[in-house]
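K.L.:
Kindly generate the corresponding structure for this input.
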Amino acid sequence: MNILELLADLQTQHEQATARAGELRDQIGRLSAALAEIEARLTDLATTRKVIAELAPTQEDSEAPATNSVYQAIVNAFNQHPGQEFRARELHELLGMPTDEASVNITRSRLGRLLRQGFLTQPGRGRYQKRT
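P.N.:
Next up, the predicted model:
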């Protein structure tokens, strides 16, 4: 092999290596973008998991009455105090239920359902009373 052939062979190898390096750079770019996307998704999932864990009942709350029993307790409270207006938090205190914001929000939702069903009226914002 003479020097010209050697130089031509080196040039070919250089061009092949340059092309392969370009392909690898492109692949690194695609993988970096995919990695960034997956890392953002992991962050979103971790945040969602944290929020749900904070809203999920704890061991103490897991012994709370079933949903139907909670509705029954709410209805009973209004039946026992037919002329009285209640806020959701006041009902929780009356019934000995947890007064954390998540639990009270669930009761607000239940009160809204009882309102739509016609069992309750809403004489003021956030206040509920048994329909007479």
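
K.L.:
Go ahead and measure how far the host helix or strand of residue 13 is from the middle of the chain.
P.N.:
Per DSSP states H and E: residue 13 is located in helix 3-55. In terms of Cα atoms, centre = their mean, to the nearest Å, the centre of helix 3-55 is found 32 Å from the chain centre.

K.L.:
Point out the other helices and strands that the worst-scoring helix or strand of the chain on mean pLDDT packs with.
P.N.:
Least confident helix or strand of the chain, by mean pLDDT, DSSP states H and E, is helix 67-80 with a mean of 84. The elements that helix 67-80 packs onto, with contact taken as 3 or more Cβ pairs under 8 Å, 6 or more residues apart in numbering; DSSP states H and E, are helix 88-95, helix 101-116, strand 127-130. Where you see a C-beta, it was placed from the backbone N, CA and C, and this is true even at glycine.

K.L.:
Using CSV, write down the CA coordinates of that helix.
P.N.:
What follows is helix 67-80, C-alpha atoms only, in CSV (Å, rounded to 0.1, in the frame of the first residue of the first chain):
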residue,chain,number,x,y,z
THR,A,67,-70.4,7.1,53.1
ASN,A,68,-74.1,6.1,53.6
SER,A,69,-73.6,6.3,57.3
VAL,A,70,-72.1,9.8,57.0
TYR,A,71,-75.1,10.9,54.9
GLN,A,72,-77.3,9.5,57.6
ALA,A,73,-75.5,11.2,60.4
ILE,A,74,-75.8,14.5,58.5
VAL,A,75,-79.5,14.0,57.9
ASN,A,76,-80.0,13.1,61.5
ALA,A,77,-78.2,16.2,62.7
PHE,A,78,-80.6,18.4,60.6
ASN,A,79,-83.6,16.4,61.8
GLN,A,80,-82.6,16.9,65.4
